[in-house]
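S.K.: Next come a sequence and a model predicted from it.
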Amino acid sequence: MSDVAEIEYANTRTITAHGVEAWKEEIWELAKLSGPVILTQVAMMAVMTTDVIMLGHLSLRAIAGAALGNIVFFFTWLFGYGPVCAVAPMISHVLGGRPKNRVDVRAITRMGLWSVLMMAPVQMAFLFATKPLLLLLGQNPILAGDAGIFTSALAFGLPFSLGYQALRNFATALKRPTASMIVMLITIVFNATGDYTLIFGHFGAPKLGILGASIASASSYTFSFFAMLAVIYATPALRRYRIFRRFFRPHWKHLGEIFHLGMPMGLTMMAEGTFFNASVLLMGRFGVAAVAAHQISLNVPSITFMVPLGLATAATVRVGHAAGAGDSDGVRRAGYSAMILAVAFMSLCSIVLFVFPRTIAGFYFDPSVPQNAEAIMFVTVFLRVAAAFQIFDGLQVVAALSLRGIKDARMPMILAGASYWLAGFPACLFFGFVLGLKGLGIWLGLAFGLLVAAVAMCGRFYYLASRR
């Protein structure tokens, strides 16, 4: 080998080694940032899962009514969460270009909280109209009444839930996700105690059933907001931003960007969320057992989904920092590393859901009760379909939130709407009603919608990341 060839070979080996090290470092940084975020997401799901499990031990009617109530609440919550979720990528871009810029970080966070206050009255009014809304949609009058009771108390907790998310996004963008994790772990205990006390009437409290579950949840949302404030002011790295300084002073530019960027983000999440919520309404045509089983079966993949969602949230920050610093290679590494980790984890989840669906159903329904046999059978079938779409679910959320990191909001909104409502929902109707597969057909439609979304979102990120 000539001297020139030896030099070129050595340079190639060095560049490759540096490239491998960069990928290893990116995966490590993602793991460090996403670890607490994932635990926070799991803790948030644990709060909702506690409600589901305890209501499941109360009655099938209670869990079905709560399922319908959660549809309306989640739809309303997503409408307000769009502007709130813009806080993290906006702060990440600011810090990527100017790491010591406290003024803009404070203003963005302040305007994120403003967005909550501006939208809360309309959202709460919508929640109070749950019962007539569900009756207009042709739902069972008894279940619609239970859902109305469920959302009546949740309405008072909604602004605090969104306020907590604004504070959480502020802390996560500053790479301090442990703060929100601590708060959520404490909130699990707070909510479980409230559920046990108010649903079943323990410790001298009245037995309130489904209303007790909603009061406990609303109280938990309120607790999480004030606990998050306390943790922020107890953490020097966060306290120094003084996020409530001149709170009533508007910053029109940042407020405008929060809505300009956040509303498409919110509509993107609403496209997916309402797709799954609509599946509950479709399932309502097949009886109480089918609705209860559907709610349980959605709860399980929602728990596994928390890990890729945590990775995706971390990817938003990592991609945003790289984009703000003008590091195109960093944008690609952050997005693709998160996708690799998500596929690895969801592959394991797929195996577990496929092999042990009946065992998982036993955690929610008592198998010794004959009335639960039909619901357990439904859960077993639905979870095997969920096993098939785990990887698609992980990929679509990581790609969508990676796009959020580069402030690409409008096209993901269009892609999500097309994937879920032009592909997935018609598939639900076709498999469930035309082919007569009923509940199984609804779940096959859900899987198809997620497959289309995964291909569309990953393709969009590949296109934009390659152009940068």
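M.R.: That came through, no problem.
S.K.: mind listing what residue 251 touches?
M.R.: 107-108, 110-111 (CB atoms under 8 Å, 6 or more residues apart in numbering). (Each C-beta comes from the backbone N, C-alpha and C, glycine too.)
S.K.: neighbour-wise, which of those leads?
M.R.: Among those, residue 108 has the most neighbours (other CB atoms under 10 Å), with 28 neighbours.
S.K.: State the pLDDT value of residue 16.
M.R.: With respect to pLDDT, residue 16 scores 44.
S.K.: Between which two of the contacts of residue 251 is the distance greatest?
M.R.: Farthest pair in the contacts of residue 251 (CB to CB) is 108 and 110. Separation: 7.3 Å.
S.K.: Tell me which helix or strand residue 241 sits in.
M.R.: Residue 241 belongs to no helix or strand when assigned by DSSP states H and E.
S.K.: for residue 168, what are its contacts?
M.R.: Shown in contact with residue 168 (CB under 8 Å, 6+ apart): 40, 179-180, 228.
S.K.: Please repeat the previous calculation with a cut-off of 10 Å.
M.R.: Residues in contact with residue 168 (CB atoms under 10 Å, 6 or more residues apart in numbering) are 37, 40, 44, 84, 87-88, 177, 179-181, 183-184, 224-225, 228, 232, 313.
S.K.: circling back to that earlier point, where do the contact lists of residue 108 and residue 110 overlap?
M.R.: Shared contacts of residue 108 and residue 110, counting by CB under 10 Å, 6+ apart, come down to 87, 166, 170, 243, 251, 254-255.
S.K.: Looking at those residues, which is nearest residue 124?
M.R.: For the shared contacts of residue 108 and residue 110, the nearest to residue 124 is residue 166 (17.2 Å; CB to CB).
S.K.: If you count neighbours, what's buried in stretch 138-153?
M.R.: If you call a residue buried by 16 or more other CB atoms under 10 Å, then stretch 138-153 has these buried ones: 139-140, 143-153.
S.K.: hmm, I was thinking of stretch 32-47
M.R.: So, applying 16+ other CB under 10 Å, buried residues of stretch 32-47: 33-47.
S.K.: Does residue 94 touch residue 103 like I think?
M.R.: Yes. Residue 94 is in contact with residue 103 according to CB atoms under 10 Å; the separation is 9.4 Å.
S.K.: Which two of the buried residues of stretch 138-153 have the greatest separation?
M.R.: 140 and 153 (21.0 Å).
S.K.: From the buried residues of stretch 32-47, which land in helices?
M.R.: With helices taken from DSSP state H, the overlap with the buried residues of stretch 32-47 comprises 33-47.
S.K.: what's the lowest-pLDDT member of the residues you listed?
M.R.: Among these, residue 45 has the weakest pLDDT, 73.
S.K.: ok so, going back, ok, the ones in helices among the buried residues of stretch 32-47 vs residue 319, which is closest?
M.R.: Residue 319 lies nearest to residue 33 out of these, by CB to CB, at 11.6 Å.
S.K.: Please name the residues that touch the residue nearest to the closest one when sequence neighbours are not counted.
M.R.: Once flanking residues are discounted, residue 33 sits nearest to residue 314: 4.2 Å by CB to CB, 6 or more residues apart in numbering. Listed by CB under 10 Å, 6+ apart, the contact partners of residue 314 are 29-38, 172, 175, 177, 334, 337-338, 341, 398, 401, 405.
S.K.: tell me how far the ends of stretch 366-376 are from each other?
M.R.: Counting by CA to CA, to the nearest Å, you get 9 Å between the two ends of stretch 366-376.
S.K.: buried residues in it?
M.R.: Buried residues in stretch 366-376 (16+ other CB under 10 Å): 372, 374-376.
S.K.: same check, this time on stretch 111-126
M.R.: For stretch 111-126, the neighbour count (16+ other CB under 10 Å) marks 111-116, 119-120, 123-124, 126 as buried.
S.K.: just checking, which of the contacts of residue 168 belong to helices?
M.R.: 37, 40, 44, 84, 87-88, 179-181, 183-184, 224-225, 228, 232, 313.
S.K.: For ChimeraX, write a command that selects the buried ones of these.
M.R.: Buried residues within these, by 16+ other CB under 10 Å, are selected in ChimeraX with:
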select :37,40,44,84,87,88,179,180,181,183,184,224,225,228,232,313
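S.K.: Looking at the ones in helices among the contacts of residue 168, which is nearest residue 431?
M.R.: residue 44 (31.2 Å).
S.K.: ok, that closest one touching residue 224?
M.R.: Yes. If you go by CB under 10 Å, residue 44 and residue 224 touch, sitting 8.9 Å apart.
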